[in-house]
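A.B. asks: no sequence for this one, just the structure:
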């Protein structure tokens with residue numbers, strides 16, 4: 001039941017962002033996979049959203065008392081690991097800078113979803129739709 005509710009939240013975000021250029025909802029690569037979607041996350045490409053960033057949306061949600069947070073800070077950027085070498089590229093940094101974890105609890109109501117959708121639509125209301 002809980003997995004079905006989490007998957008329902010993911011589908012909600014896919015629908016909400018379907019017409020918004022520059023926002024991608026993390027999803028399985030194809031139907032060979034089954035995700036429980038315990039976390040709903042997006043990335044925002046500010047070059048396609050007229051400057052709207054992950055932080056723009058996060059702060060708008062916060063102003064309405066809706067919790068969201070950036071994707072996890074990469075280990076190599078955390079102070080405790082700063083003296084150690086890093087052997088990678090910019091994937092983790094880009095996800096951290098452009099990614100946002102959205103409310104995805106299995107206990108979210110239709111009223112909660114409507115509040116979330118209203119903020120998202122307001123933030124992107126002046127942005128070109130797909």
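C.D. replies: Noted; the coordinates are in hand. Not measured: the values here are computed from a predicted model.

A.B. asks: Report the mean per-residue pLDDT for the longest helix seen in the chain.
C.D. replies: Counting by DSSP state H, the longest helix found in the chain is helix 2-17. What helix 2-17 shows for mean pLDDT is 96.

A.B. asks: nearest residue to residue 117 other than its sequence neighbours?
C.D. replies: Nearest non-adjacent residue to residue 117, counting by Cβ to Cβ, 6 or more residues apart in numbering: residue 16, 5.4 Å away. To be clear about C-beta, it is placed using only N, CA and C from the backbone, and glycine gets the same treatment.

A.B. asks: can you pull the buried residues of stretch 95-103?
C.D. replies: 95, 97, 98, 99, 100, 101, 102, 103 (16 or more other Cβ atoms under 10 Å).

A.B. asks: For stretch 42-60, give me every contacting residue.
C.D. replies: Defining contact as Cβ atoms under 8 Å, 6 or more residues apart in numbering, one finds that stretch 42-60 is touched by 13, 17, 20-26, 68-70, 95, 97-100, 102, 119-120, 122-124, 126-128.

A.B. asks: Only the buried residues of that stretch, if you could.
C.D. replies: Here stretch 42-60 shows 42, 43, 44, 48, 49, 52, 54, 56, 57, 58, 60 as buried, counting by 16+ other Cβ under 10 Å.

A.B. asks: From residue 57, how far out is the fifth one?
C.D. replies: In this case it means residue 49. Per Cβ to Cβ, to the nearest Å, residue 49 is found 9 Å from residue 57.

A.B. asks: what bridges to the residue nearest the centre of the chain?
C.D. replies: Residue closest to the mean C-alpha point of the chain, counted by Cα atoms, centre = their mean, is residue 42 at 2.7 Å. Taking DSSP bridges, one finds residue 25, residue 100 as the beta-bridge partners of residue 42.
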